[in-house]
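J.: Return atomic coordinates for the entry below.
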Amino acid sequence: MIGQAKVVGVILIIAGLVLGTVCSLWLAGNVAGGQLQFTGFLLGLAGIVIFLVVPLLGGGGYLLIRGREEAREFAEVEKEKRVLNMVQSQGRVRVSDVSLELNVSRDQVKDYIYDLVGKGLFTGYIDWKEGVLYAKEAAEMETNKCPNCGATREFVGKGIVKCEYCGAELFL
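T.: Numbering: from 1, shown residues only. Okay, the predicted model is just below:
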């Protein structure tokens, strides 16, 4: 589940701090009670820090940072999913509308579209001059003609065809 790494990271950090504090107080109590010399206290404290506190804090910090990265990645995937849902449900959507809806730039919408095409999740075409994205089924895209202007298309990349006349990019 998303966010579990952050929670586990925080728990490990808190556990490391609490255990370090409790063990340090226990050692200090033994020094005050005369059951432990000061050098024993320092040795015990060093062992607690090295073998208990540092690994817990380090592991917790790593999980906390990794959890934040995963949350950011998940948010990007969710935005791509929303782009795909908008285009597939409406059939035709303006890039500016997608940009406003997701609160991202036009270039970021373009990146989402290319990523969806690269993953094989989207077929259709986009007219960059008009700023309109069209969803098409793969069977409708089998012809060698541009659905925007009717001209012959040329391949420019994996799953991407560009019309040399109107500049529309078709995603297969």
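J.: downstream neighbour of the lowest-mean-pLDDT helix or strand in the chain in the secondary structure list?
T.: Here the helix or strand of the chain ranked lowest by mean pLDDT, DSSP states H and E is strand 153-157, holding a mean of 57. Counting by DSSP states H and E, the next helix or strand C-terminal to strand 153-157 is strand 160-163.
J.: partner strands of that next one, parallel or antiparallel?
T.: strand 153-157 (antiparallel), strand 169-171 (antiparallel) (DSSP bridges).
J.: phi, psi of the residue nearest the centre of the chain?
T.: Central residue of the chain (Cα atoms, centre = their mean): residue 73, 0.4 Å from the mean position. Dihedral pair for residue 73: phi -60, psi -40, per degrees, to the nearest 10.
J.: Might you calculate how far the helix or strand hosting residue 72 sits from the centre of the chain?
T.: Here residue 72 sits within helix 54-90, counting by DSSP H and E. Offset of helix 54-90 from its chain centre (Cα atoms, centre = their mean, to the nearest Å): 4 Å.
J.: Same question for stretch 24-33.
T.: Mean C-alpha position of stretch 24-33 versus that of the full chain (Cα atoms, centre = their mean) differs by 47 Å.
J.: What residues of it count as buried?
T.: Within stretch 24-33, the residues scored as buried using 16 or more other Cβ atoms under 10 Å are 24, 27, 31. In this view, the C-beta of every residue, glycine as well, is placed from N, C-alpha and C.
J.: Alright, calling it a day.
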